[in-house]
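**Student:** Structure here, sequence nowhere to be found:
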């Protein structure tokens, strides 16, 4: 694990400790960090997993946002996210762009330690789960926590219609 990954994991735990959240760190094999593989290997239901997806504008000055959606749903990038960002066109950020922006690799990206200037949109259906599985900041960890932690993230907005 890199020093940057360790630092991000420490920021995640510091945030969770700071809000008094009960959480569990799930140590995983990095080869199984991608959500479907993780759920199959470790026996977690897919609907409890929240994928943090970085979106980038396609025209003009580059803008970014993050969306956290249930892994069994599809983010509405072309309509809802563009509307929220106030732009006409957007796409999923490339893996290299995500690493550069967040310091996190795909499969480990978490909404719990993003740079504060990135707006975060959260799918409200995650709050209905008994717990939520989120990236831990690296491909070696996941976080299992009460879904209410999502409502305590600075610069985050919970929305009912974020997915298709």
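**Tutor:** Right, received. Where do you want to start? Source: prediction; values computed, not measured.
**Student:** so what's the closest residue to residue 29 other than its chain neighbours scoring on pLDDT?
**Tutor:** Once flanking residues are discounted, residue 29 sits nearest to residue 41: 7.4 Å by CB to CB, 6 or more residues apart in numbering. In this view, the C-beta of every residue, glycine as well, is placed from N, C-alpha and C. Residue 41 carries a pLDDT score of 98 in this model.
**Student:** on contacts alone, who are the packing partners of the worst-scoring helix or strand of the chain on mean pLDDT?
**Tutor:** The weakest-scoring helix or strand in the chain, judged by mean pLDDT, DSSP states H and E, is helix 3-18 (a mean of 90). Counting contacts by 3 or more CB pairs under 8 Å, 6 or more residues apart in numbering; DSSP states H and E, helix 3-18 packs against strand 141-145.
**Student:** same for the strand it packs on, what does it pack against?
**Tutor:** Strand 141-145 packs on helix 3-18, strand 23-27, strand 132-135, going by 3+ CB pairs under 8 Å, 6+ apart.
**Student:** in the following helix or strand past it, what's buried?
**Tutor:** Toward the C-terminal end, the helix or strand that comes next after strand 141-145 (DSSP states H and E) is strand 156-159. By neighbour count on 16 or more other CB atoms under 10 Å, the buried set for strand 156-159 is 156, 158, 159.
**Student:** What of stretch 103-123?
**Tutor:** By 16+ other CB under 10 Å, the buried positions in stretch 103-123 come out as 103-114, 118-123.
**Student:** Out of these, list just those in strands.
**Tutor:** Judged by DSSP state E, the subset of the buried residues of stretch 103-123 located in strands is 120, 121, 122, 123.
**Student:** Can you pick out the most distant pair from these?
**Tutor:** 120 and 123 (11.1 Å; CB to CB).
**Student:** Find residues that contact each of the two.
**Tutor:** 67, 68 (CB atoms under 8 Å, 6 or more residues apart in numbering).
**Student:** May I ask which helix or strand encompasses the residue nearest to residue 29?
**Tutor:** helix 35-42.
**Student:** got the angle between that helix and strand 141-145?
**Tutor:** Comparing the axes of helix 35-42 and strand 141-145 via axes from the mean of the first three to the mean of the last three CA atoms, to 10 degrees yields an angle of 80 degrees.
**Student:** Tell me the buried residues in helix 35-42?
**Tutor:** 35, 38, 39.
**Student:** Would you agree the last one is in contact with residue 47?
**Tutor:** No. Between residue 39 and residue 47 there is no contact under CB atoms under 8 Å: 9.4 Å.
**Student:** Name the residues contacting each of those two.
**Tutor:** With CB under 8 Å, 6+ apart, residue 39 and residue 47 have common neighbours residue 71.
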